[in-house]
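**Student:** Pasting a predicted model and its sequence here:
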Amino acid sequence: MNAPSTMKPFRHVGTRPVRPDGVDKVTGKALYSTDFKAPGMLWGAILRSPHPHARILSIDTKKAEALAGVKAVATGRDLPTLESLVMHVGEGASDIVDVSHNCLALDKVLYEGHAVAAVAAASPEIAREALGLITVEYEELAFVLGLEEALAEGAPVLHDTVFTKGVDPKPDRPSNAAMRVEMGGGDVEGALASAAATVTGRYTLEPVHQGYIEPHACVASWNGDGQAQIWTSSQGHFAVRALTASVLAIPQADIRVTPLEIGGGFGGKTTVYLEPVAMVLSKKSGRPVRLAMTREEVFRATGPAPGAVIDVRLGAAADGTLVAADVEFLYHSGAYTANDAGAGVSSAIGHYRIPNSRVVGIEVLCNRPAAKAYRAPGAPQVNFAVESAMDELAGKLGIDPLELRLKNAAIEGDPQTTGLPWGRIGYVECLEAAKAHPHWSAPLGPNQGRGIAGGYWGNYGGPSTVNVSVAEDGTVTVATGSPDIGGSRASMAIMAAEVLDIPYEQVRAVVADTASIGVSMVTGGSRTTFATGMATVQAAEEVKRLLCERAARMWGVISDQVEWRSGEVICLDGEKQGQAMSAAAIAGRSFHSGGPIAAVAALSAKGWLPGFGVHICDTEVDPETGHVKIVRYTAVQDVGIAIHPDYVEGQIQGGAAQGIGWALNEAYIYGKDGKLDNAGFLDYRMPVASDLPMIEAVIVEVPNPSHPYGVKGVGEVPIVPPLAAVANAIHAAAGVRLKDLPMAPDRVYAALHPEG
Amino acid sequence: MSKIRVSTTVNGDAAEFLCEPTSSLLDVLRDTMGLTGSKEGCGSGDCGACTVVLDGEMVCSCLVLAPEAEGRTIATIEGVAEGSVLHPVQQKFLEHAALQCGFCTPGFIVAAKALLDRNPDPTESEVRYWLAGNLCRCTGYDKIVRAVMAAAAELRQERTPA
Amino acid sequence: MPSTAYHAPGTVEDAVALLAADPTARPLGGGTDLIVQMRAGRLSPGAVIDLKRIGGMSGVHRAGDAFAIGAATPCTALKADAALSAAWPGVVEAANLIGSVQVRNRATMAGNLCNASPAADSVPALVAAGAVCVIAGPSGQREVPVEAIPVSPGKTSLAPGEFVVEIRFPPKPAGGGDAYLRSTPRTEMDIAVVGAGVSIVLDGEGICTAARIALGAVGPTVVLVEDAAAALVGSKLDDDALAAMSQAVQAASNPIDDKRGTVSYRKAMAGVLARRAVLIAASRAGAKA
Ligand SMILES: Cc1cc2nc3c(=O)[nH]c(=O)nc-3n(C[C@H](O)[C@H](O)[C@H](O)COP(=O)(O)OP(=O)(O)OC[C@H]3O[C@@H](n4cnc5c(N)ncnc54)[C@H](O)[C@@H]3O)c2cc1C
Ligand code: FES
Ligand code: FES
């Protein structure tokens, strides 16, 4: 049983029932983005820039418009001119002007693949043919891809409106440094100077893609009366509504967004690329329009996670006590100001008690697609550097790497990098669980080595709305505004069934459209089970209260004289004492006792707590070829309480696999011409089934006291530790420390054979 | 462009369609026949989300020209369950939570069934290599591999006379 | 946009006529290269000529101890043929490294060869085996060694109207063994950074009497390294002979830096893989010697 000692044993929480949407998904019936068709629908296509940086001199669409079957053509001129406005609707903040220009470029294209025009036609073939008839005159501009190059004197500046945020006084010149974030305190240099052991290193990473298997797609239908419908797959249909309405400068309530099933997002589907464009095409043509990206477009034009250059210095006393950390990093922001530096700074060193620290993060604009959130956005990059350096420090001090981490691990009350104290966190518990796990002490074969790394993510709460309603037969529907990417319908049904103490099968959970439920933030940041779960519990509690009230009314007693017990109302007093009334009996007569029974909880969830994880990785390195095989992998994580352990394990395993891919082979590869060279799954090498072993997920439960069922959140943490866990394991296996990702065979070989 | 008339068998039923000479079988299944269970993740043979069985062999339907299907037999995800009785592979995917977003799932189920149809007792390594043409970004494959192994065990039991 | 026609002729003659009628027409084997290239807009042939409905074009044929493989035979069908797998395990393995099971159920070795990618996996193995292509064309049939087909990346020596109908193998020599190894970052679903195909013959004493060593992805076309073979012939595959062979292989490698690998890594791997492949081939030769 997963119940924490402080809570009563659960009936449903911690069980593993089949998800309510499961059968649809194993039979092919579930509707994903391109499975939906609207009557009379047109097919759209987008023309993209072949240049990494260029001024648009003119766009001639006449020939395309004249092609038979073409019903509409749109360019950036068809989007309204907007005032700068920073919106916090997706994962992180974005300026609505940037969102608009990213949907359709206006004066400049900022990366290869930047959208410049769109068409809608009677067939996909005609739409593609029409793209070929659009003539765009470009003036090519110098471009910049690298982080340090973009900051160098004389580098082409992407936006003359960007003056580094977070710098006082405001710089007098625009630059590619979009934002600077600094945290820390104490005397870093002094502490490093007097430390018994120090390590210094520079680490680099290339941008990587979220790699969801379903490409972006939507259908939009915008009527002459101004009202519109959008069917799309996203991590948040309310974010789609808010962003689309803002880009088009129309009222949000005029757009109804229906969420289709989503084929993965990982942070990458928290913004709009297509919806505003499909809307414009629909308005112009008077027909519903589908826009769908190809895989190549997904790679060229949607958010990768930033690459990075990270400098780290750590210092420790002879007994291993950390005394100072100095971390400074540059993150790719891509074409527009992104958000990862702040999260990177607060996710860098907070898992350790370090009295003197300085962490600086800088967002760097460059001619790459605009960086987007990817699972624990901003954390894995800097964690790779810090946790590699910790390993090196352990080596220098002659201390076991797990013990060094345990010695310095932050506990409740210790200050975070922000200075605020940590709440009830579980890093120590994870390290202890890793130490006790048989994997940590298992024997290794030849050319094998074991690495460990720890990491964390802040998690989140935020706004969610849930409607719990009782049908006349007593069965329950939970409607949320949170797209289900990995089993959240099941978790919501479990929580509602837990509150009501009724069978899981009597509760069904659905994801409602923007017109049918109140605003809910995106499914992202590991917030859904926490925040939407909290709303579910609150609404279910209210339903329970209503059921009690109605039963009391029907029995003619006051509410205090009834109690909810085992899914029924029991009369405690008077002549009906001892009688029970089921939800079915109450709801069946509800029309006569005060109306239907339903409750809405609309809340902004507070009290979230971060999650911590510790990963153990065994690698085998072929000394002659540099090939790295992952032979065993264990991921330990504090999740608060696991509502549905299968999906908790699934999140941990999936995140670890993505992290392993990032560590070993995934990378955006650009040519000298500034164009992406590997815009497909064959050369953007995500792990396939035969690349991985089983990934053992070990759930640690240190409950969150602020959540009714102790939830902390799961999804982000598991991608944080793998990068360093793999690097540390390679070091243990082959004696070489790789500081540049990916650690592909040629890189490992070069490290093993420095003579060439 | 003159369209081509093609006669095939899809999930046991005779089917006829008109298509462009270079339409993919996937496009025809999804857009012409309304069988949207097969997914398009790449359109270039790299992800396996479009896996169907063509004359007994699993292929990426995005890399089959629709006219090639003339006279051939096609089996898609829509035909894996018998009525509303799930195939053991489908059942085990549910029981083992082998899907998160579920987008890759139809391709995996068609591929896994194709494996178990010819090899009732695969090793973990055989399962992993057989499924290497199917990308899943959500699960890390762990629960998928376990579900396939469990389905194999169940099928072996079903086939063993009591 | 010029549209592409689809034809599925039933005879070699019809296929030749269709190909000869339109110089932009392309034979269609499994389509795992052709369709990808058409979708990406890199190629828009006037017609695709599906070879799979031509009688006898699919399947492994055997005449005595010589094998012939129809041009439209998918790679997985090679594995299913026990006799071929026993005689030329290196070739069968090479063909079954291509892509995934789904891809191999369609992909053919003839397509792998005629796509003329320097990284094609089955080609070094075929060259090492000494296989030849039977080509049909407007002026009848001709035979050329496999290595004569690719002339540069994406280009073949086939004349308009010509296509490969069959790949023929010499009789398997007594004491012969072959092997193919490649280097890829992933275990499956990847394109060779380097490939090495080896075929050797050992006499009763374990002395190498003949060898063919061919490399993929280290030059614009497959490279048959005669110096490497010479380093092995006459030896018992001792360390010195193997080192000399590896050196010859590295010297013959003239790769490029690209997204799939660097020059220095490719050269180094060519040497390593060729040595490992020789040892596997030797164990196979020894097993049957
Ligand atoms: C996901 C994926 C993974 C891949 N992985 C690999 C890999 O690991 N290794 C590898 O080597 N390749 C790989 N490939 C490439 C491809 O699968 C192989 O090259 C395959 O062998 C091509 O065979 P095919 O029958 O499909 O050729 P097709 O696509 O039908 O034809 C390829 C070319 O050859 C021509 N052609 C075909 N048959 C003949 C003939 N009989 N005579 C003359 N010309 C002909 C065609 O016109 C075309 O130009 C991969 C492809 C995909 C999609
Ligand atoms: S869509 Fe066919 S393999 Fe990806
Ligand atoms: S479950 Fe999402 S890709 Fe596999």
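**Tutor:** Nice, thanks for sending it over. Ligands and ions are numbered 1, 2, ... in the order given.
**Student:** Tell me the residue of chain B that sits nearest ligand 1?
**Tutor:** residue B:45 (3.1 Å; Cβ to the nearest ligand atom). To be clear about C-beta, it is placed using only N, CA and C from the backbone, and glycine gets the same treatment.
**Student:** which secondary structure element contains that residue?
**Tutor:** In the assignment (DSSP states H and E), residue B:45 maps to no helix and no strand.
**Student:** which stretch of helix or strand covers whichever residue of the stretch 451-600 of chain A sits closest to ligand 2?
**Tutor:** At 19.9 Å from ligand 2, residue A:485 is the closest residue in the stretch 451-600 of chain A, using Cβ to the nearest ligand atom. For residue A:485, there is no enclosing helix or strand under DSSP H and E.
**Student:** Spit out the contact partners of the residue in the stretch 201-350 of chain A positioned nearest to chain C.
**Tutor:** Residue nearest to chain C within the stretch 201-350 of chain A: residue A:296 (7.6 Å; Cβ to the nearest Cβ). Neighbouring residues of residue A:296 by Cβ atoms under 8 Å, 6 or more residues apart in numbering or on different chains: A:679-680, C:40.
**Student:** Could you check how far it is from residue A:677?
**Tutor:** Relative to residue A:677, residue A:296 is positioned 12 Å away (Cβ to Cβ, to the nearest Å).
**Student:** can you check residue A:40 too?
**Tutor:** Counting by Cβ to Cβ, the gap from residue A:40 to residue A:677 is 40 Å.
**Student:** Give me the more crowded residue out of these two.
**Tutor:** residue A:677 (15 against 10; other Cβ atoms under 10 Å in any protein chain shown).
**Student:** Now do the contacts for that one.
**Tutor:** Residue A:677 makes contact with A:669-671, A:683, C:258-259 under the criterion Cβ under 8 Å, 6+ apart.
**Student:** Swap in 10 Å and give it another go.
**Tutor:** Neighbour list for residue A:677: A:668-671, A:683-684, C:258-260 [criterion: Cβ atoms under 10 Å, 6 or more residues apart in numbering or on different chains].
**Student:** Tell me the most packed of those, by neighbour count.
**Tutor:** Counting neighbours by other Cβ under 10 Å, residue C:260 comes out on top of the contacts of residue A:677 with 26 neighbours.
**Student:** I'd like to know how many residues surround the nearest residue to it once chain neighbours are set aside.
**Tutor:** Leaving aside its chain neighbours, residue C:260 sits nearest to residue C:193 (5.2 Å; criterion: Cβ to Cβ, 6 or more residues apart in numbering or on different chains). Counted with other Cβ under 10 Å, the neighbours of residue C:193 add up to 27.
**Student:** Using just helix, strand and coil, how would you label residue A:546?
**Tutor:** helix (DSSP: H, G, I helix; E, B strand; the rest coil).
**Student:** wait, isn't it in contact with residue A:594?
**Tutor:** Yes: applying Cβ atoms under 10 Å as the test, residue A:546 and residue A:594 come out as touching, 8.3 Å apart.
**Student:** ok, the two, which is more surrounded?
**Tutor:** residue A:546 (22 against 12).
**Student:** Pull the contacting residues for the more buried one.
**Tutor:** By Cβ under 10 Å, 6+ apart, the neighbours of residue A:546 are A:468, A:470, A:586-587, A:590, A:593-599.
**Student:** Where do the strands of chain C begin and end?
**Tutor:** Ranges of strands in chain C, per DSSP state E, are C:5-7, C:26-28, C:47-50, C:60-63, C:66-70, C:132-137, C:140-145, C:150-152, C:155-156, C:163-168, C:176-183, C:194-202, C:208-216, C:223-224.
**Student:** Using JSON lines, lay out these together with mean pLDDT.
**Tutor:** Listed next are these as JSON lines, based on pLDDT from 0 to 100:
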{"stretch": "strand C:5-7", "mean pLDDT": "97"}
{"stretch": "strand C:26-28", "mean pLDDT": "98"}
{"stretch": "strand C:47-50", "mean pLDDT": "98"}
{"stretch": "strand C:60-63", "mean pLDDT": "92"}
{"stretch": "strand C:66-70", "mean pLDDT": "97"}
{"stretch": "strand C:132-137", "mean pLDDT": "98"}
{"stretch": "strand C:140-145", "mean pLDDT": "97"}
{"stretch": "strand C:150-152", "mean pLDDT": "98"}
{"stretch": "strand C:155-156", "mean pLDDT": "98"}
{"stretch": "strand C:163-168", "mean pLDDT": "98"}
{"stretch": "strand C:176-183", "mean pLDDT": "98"}
{"stretch": "strand C:194-202", "mean pLDDT": "98"}
{"stretch": "strand C:208-216", "mean pLDDT": "98"}
{"stretch": "strand C:223-224", "mean pLDDT": "97"}
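**Student:** between those strands, which gets nearest to ligand 3?
**Tutor:** Closest approach to ligand 3 among the strands of chain C (Cβ to the nearest ligand atom): strand C:176-183, 27.4 Å.
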